[in-house]
Every structure is written in structure tokens, then in C-alpha cells.
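Q: from the sequence below, what's the structure:
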Amino acid sequence: MLKKTFLTFAFISLLTTFYGLNGDFGLHGSRTAGDRIGSADESRIAHIISVYDELIRSVCEEEGYDWRLMSAIAYHESRFSPDIVSKRGAAGLMQIMPAVARRYNITGDRLFDPETNVRLAARLLSEIDAGLRLAPGTSADDRMRIVLASYNGGIGHVNDARRLARSNGENPDSWETVSRYLALKALPEYYEQQEVRCGRFTGSSQTAAYVRDVLNRYDRYCRIAAR
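A: Sure thing, here's the model as predicted:
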């Protein structure tokens, strides 16, 4: 379902860009290989978004995802650096946790292989989408945002927020509602409720910013790179 949603969201993104509904979003930090479009023909042919364009495109064609969205995730996860490790142990282009990699029988240095890392990210996104069990009528925008929030903050915390929303008579498939309850999960009167299974969550601001920034960059990549 999410794979089809990615294609739908790409189309929506291109439409909104055409009609001028999106501004020109600023870039964070210094310009990287992911931001440069070289002046030489050879450079333009080699890559548009990053030096991993062809690799990411190839994997995404096989897995059913928009390569520009995956590139936007890669930028925010690692700035296209394949050998970095976070303080929590997330590794590679897409910052995959070793525990996730082990579920797919990927161990050791194999996790740092860019193709393997991107493929794991695609499969993790599919796993998240299936695990969320969003209602069939959920909008493409809400689905995309909730899945990205789960990728960043953890599906357990996101599902806690959705259960809280449902118990209060609100829509658990609305990103606006879910993001609000993610923030409330920092308060004991919420994270101590029986609907909450993963405890306190203090990263709501970071997760909301991640979702916003990834989709802003995805919109930018849609404008500079053909499908």
C-alpha cells in the first residue's frame, strides 16, 4: 500500500510545485554532493542529487519506491555518508539499526554496503506501513508523515500516540492528531495511561522536524530530478 502511496504522493508533490503552493525551502548547513548540480555535462549525467543516484534508483525500482524520497531520507539520515554510525548504533546511508539488519540476516560490515543499506531501508518502510494498519481511506499525506515519524521515532511510540488518540475519540490516522499525542507522551498523565506500551517519549519535536524536513527536501528533489 505504501509503495503505491509513494507514487501518489510524488504526483501530488509535483502538482503542488507546478501551482506554486510550495516555497523554495532552505538547505541546512553547507552544500554537499547531494545539493550540487555540476556545470559539466559529464557531472550532470553522473548524478543529480548524490553520487548514489543510480544505486538508489535501481534499488527503489526493484522495491517499488520513489528514489527521490529515499534520497531525501538518506540526506537527513547521513548526508549521504555510507560509513557513519550514530551514538545509538544506527549505521550507513539510511542509518539502519543493527537489530533491524539482523532480522534480515545482515551482520557486520555488510550493513555499511550502500546497496544493502538502502534495500534494508525500503523493506523497513514496508514493514512499518504494514505494522501501522492505517485505515484504507487514510490520505497519502497522512500516511507518508506517519510512516516517516515511525522510521525516525519508532513505530511503538507512534502506535502509542494513535491508541491515545483513539481512546479520546480522535482520528488515529491523522498526522496532526498523532503528532499532538506524541508530544503529550512526554507527560506522566499521558505516558502512564494503559494505552501506552512504550513509555515516555521526549523526541516529538525532533520527529516532527524530521518529517517536515524530509518531505520538504523530497519536494525539492522532485523539482530537480525527473522520475
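Q: stretch 86-93: end-to-end distance?
A: Its start and end residues considered, stretch 86-93 measures 11 Å (Cα to Cα, to the nearest Å).
Q: list the buried residues of that stretch.
A: 90, 91, 92, 93 (16 or more other Cβ atoms under 10 Å). Yep, even glycine has a C-beta here, placed from its N, CA and C like the rest.
Q: which residues are contacting that stretch?
A: Here stretch 86-93 makes contact (Cβ atoms under 8 Å, 6 or more residues apart in numbering) with 52, 74, 77-78, 80-85, 95-98, 101, 111-114, 117-118, 121.
Q: can you give the distance of it from its chain's centre?
A: On the basis of Cα atoms, centre = their mean, to the nearest Å, stretch 86-93 sits 15 Å off its chain's mean C-alpha point.
Q: repeat for stretch 157-167
A: 20 Å.
Q: CA atoms of that stretch as CSV?
A: Output of stretch 157-167 as CSV, limited to C-alpha atoms (Å, rounded to 0.1, in the frame of the first residue of the first chain):
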residue,chain,number,x,y,z
HIS,A,157,5.8,5.3,20.2
VAL,A,158,3.7,6.3,17.1
ASN,A,159,1.2,3.5,17.8
ASP,A,160,1.1,4.6,21.5
ALA,A,161,0.1,8.1,20.2
ARG,A,162,-2.5,6.5,17.9
ARG,A,163,-4.0,4.5,20.7
LEU,A,164,-4.2,7.6,22.9
ALA,A,165,-6.0,9.4,20.1
ARG,A,166,-8.5,6.6,19.6
SER,A,167,-9.2,6.4,23.3
